[in-house]
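A.B. asks: What follows is a predicted structure for the sequence shown.
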Amino acid sequence: MNSLKQIGYLIGKEFKIEYRQLISLASVLLFLISASFVCYKTFININGLAWISLFWIIMIFAAINLIVKSYSQGYGSRKLWYYSYYQSSSVFISKLIYNFVVLTFIGLLLWMLMTLFFGSFIKDVSLYSQGFFFGILGLNGLMSFTASLITHSENNAVLMSVLALPLTLPIVLLAVKIHAVSFGLIQDTSVGADVLQLFAIGLLIMGMGILLFPNVWRA
Amino acid sequence: MFERFGTITSVGVTILNTMKNGWWKILGAVIFTGVLIVGLTTPLRPGIVESSPRVAETGQSVDVKIKAYNSFFADALGLKAWLKISDDHVISAAAIDVISNRDIIATFDIPNTFSSKKAKEKSTLILNSEVDGNIILPNALVIRSQDGGTSQNQWTPFDIDKLHKVDNFRFPYRSTLNETIRNTFFHVAIWFAMFILLIISLIYSIRFLISKDHTLDIKASAFTSVAIVFGLIGIATGSVWAKFTWGAYWTSDVKLNMSAIAILIYLAYWILRTSIKDIDSRARLSAVYNIFAFAMLIPLIFIIPRLTDSLHPGNGGNPALGGEDLDNTLRMIFYPSIIALTLIGIWISNITYRLEIVKEKVMGLY
């Protein structure tokens, strides 16, 4: 079996497992709805910058909640099977792609909810989407990698926040800046360079992840 | 007699052996002592703190009050003062009244017209004497053009041969930095040393993943913990400096916050190490996180600070290690200081590493 086939098969497997245990996805969706509703009731009227900040803060915690689970749901028992049949890079890449799809879905839902509750401030939809997708790309790579690191330790969720939150800062700051430009809050003619940098950071994280993952999962 | 001689010889041999193996430790300590002594005792070059008035008009006779720092006007032979607009447009002071070593009043007869048609020109104040050498204040006096002056004076070309030069070892005077310019040897150098220690730690982590030699991981962790301490010292010295020059211990400046985040990332490395009980997976995972964290440090330090304006040198058009801020006298102390702090850092890391090894042996883990 070549690695592309392996990745395809593993992604299918992830979806199947998720479908069997819908509770994890449902809990993240419920988290999204309740978090944005709490913000709606506490903030009432918000400006553009608060909109962007809220969006990314909720997004970070949704990503942590979602991705911590992707390595815990019976992963321990499946690991030996994965380890003996598949290449480590295939396993990690399949996790990356699967998590990216789910996170994008969650992000779109959050976007919808925020628009519903607070209204839309977006002036440049294409720029907004670039910041959105590349930001999620970086967050996803970072979280998937950190989550794989902490499967061996106790009190997972706390350690995940401690390890991942400082590292999210470059991604989130760039994404917030791109979104602020797309909202027309600040003027910047060279925002294309920022989009490229965000994409490059995402690629760097995923490359490091693929390179280092073989050392992580051998226990 | 001979026994005593033997003891002395063996002590001598021990000292010689220590010097042979630990010469770099002695070198680090000696250089750092030198940096402390020279860096803290060398006086600053004289400089002008303030001059008044700041505005004058053509054809006027102005008394410019000058307040200087570290100067010796009372003892100075051949004290002269000039106002300079360009190399061809200079006037020398008609009279200089020395009040004290730090204060003088220079009287300038400003000519009736500029040769240029501009409404106003900025002029540089230059003082020169045998004792102090050159003292320069750029943009000291703005001269406005005005009709109907009564001055007899004319602009003349600047005669550089008349200037006295003083070649003694002095640090430059910068108006906002003042004496704190010496912090360059400690604040900036300790960040450099921290970065070098982090790179050494990264190399040990990579070598650990290749060879799986358990001691390499302990070395990596020892270097990282010393680098964290250096980083905290760097933040503390920078904070004191910021209070002096910017007026606050902590600002929302991007470079400050990025360095705080960098410290957080490495504190997370330490938490990861302590939270994993199994010794093999601890070594492997913390090595992996160390490499990953270092890769993430690059966008944090080299990309994000370029996004926004910053007060900190090295960002937003502020020069850092270049231009006028780091002149040759500073370099002569600054570079040795980096070397000395790096050597001392490696020394402390080695001790930390040996302590860890002893701890593991005592606990029977290794």
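C.D. replies: Looks like it came in fine. Given the structure is predicted, the values throughout are model-derived calculations rather than measurements.
A.B. asks: would you list every one of the helices in chain A?
C.D. replies: Secondary structure of chain A, counting by DSSP state H: helices at A:3-20, A:22-43, A:48-70, A:75-85, A:88-118, A:125-149, A:156-182, A:191-217.
A.B. asks: Export the ones you listed to JSON lines and append columns for distance to residue B:33 and mean pLDDT.
C.D. replies: Placement of C-beta: from N, CA and C, glycine included. What follows is the helices of chain A, written out as JSON lines (distance: least, C-beta to C-beta, whole Å; pLDDT from 0 to 100):
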{"stretch": "helix A:3-20", "distance to residue B:33": "59", "mean pLDDT": "83"}
{"stretch": "helix A:22-43", "distance to residue B:33": "57", "mean pLDDT": "88"}
{"stretch": "helix A:48-70", "distance to residue B:33": "48", "mean pLDDT": "89"}
{"stretch": "helix A:75-85", "distance to residue B:33": "56", "mean pLDDT": "71"}
{"stretch": "helix A:88-118", "distance to residue B:33": "51", "mean pLDDT": "90"}
{"stretch": "helix A:125-149", "distance to residue B:33": "43", "mean pLDDT": "92"}
{"stretch": "helix A:156-182", "distance to residue B:33": "37", "mean pLDDT": "87"}
{"stretch": "helix A:191-217", "distance to residue B:33": "42", "mean pLDDT": "89"}
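A.B. asks: Select, out of those, the one closest to residue B:103.
C.D. replies: Shortest distance between residue B:103 and the helices of chain A, using C-beta to C-beta, is found for helix A:156-182: 49.9 Å.
A.B. asks: can you list the helices of chain A in JSON lines and add mean neighbour count?
C.D. replies: Formatted as JSON lines, the helices of chain A follow (neighbours: other C-beta atoms under 10 Å in any protein chain shown):
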{"stretch": "helix A:3-20", "mean neighbour count": "14"}
{"stretch": "helix A:22-43", "mean neighbour count": "14"}
{"stretch": "helix A:48-70", "mean neighbour count": "20"}
{"stretch": "helix A:75-85", "mean neighbour count": "12"}
{"stretch": "helix A:88-118", "mean neighbour count": "19"}
{"stretch": "helix A:125-149", "mean neighbour count": "23"}
{"stretch": "helix A:156-182", "mean neighbour count": "22"}
{"stretch": "helix A:191-217", "mean neighbour count": "19"}
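A.B. asks: Ok, which of those helices comes nearest residue B:83?
C.D. replies: helix A:191-217 (45.5 Å).
A.B. asks: Check which helices and strands the closest one sits against.
C.D. replies: In this structure, helix A:191-217 makes packing contacts with helix A:88-118, helix A:125-149, helix A:156-182, helix B:279-298, judged by 3 or more C-beta pairs under 8 Å, 6 or more residues apart in numbering or on different chains; DSSP states H and E.
A.B. asks: how about the spatially closest residue to residue B:80 that is not a sequence neighbour, secondary structure?
C.D. replies: Spatial nearest neighbour of residue B:80, chain neighbours left out: residue B:128 (5.2 Å); criterion: C-beta to C-beta, 6 or more residues apart in numbering or on different chains. Counting by DSSP: H, G, I helix; E, B strand; the rest coil, the backbone at residue B:128 sits in strand.
A.B. asks: Let's see the pLDDT reported for residue B:128.
C.D. replies: We have a pLDDT of 85 for residue B:128.
A.B. asks: who wins for proximity to residue B:75 among the helices of chain A?
C.D. replies: helix A:156-182 (56.1 Å).
A.B. asks: just checking, what packs against that closest one?
C.D. replies: Partner elements for helix A:156-182 (3+ C-beta pairs under 8 Å, 6+ apart): helix A:48-70, helix A:125-149, helix A:191-217, helix B:254-275, helix B:279-298.
A.B. asks: Now do the first one and helix A:75-85, the angle between them.
C.D. replies: Relative orientation of helix A:48-70 with respect to helix A:75-85: 70 degrees, computed using axes from the mean of the first three to the mean of the last three C-alpha atoms, to 10 degrees.
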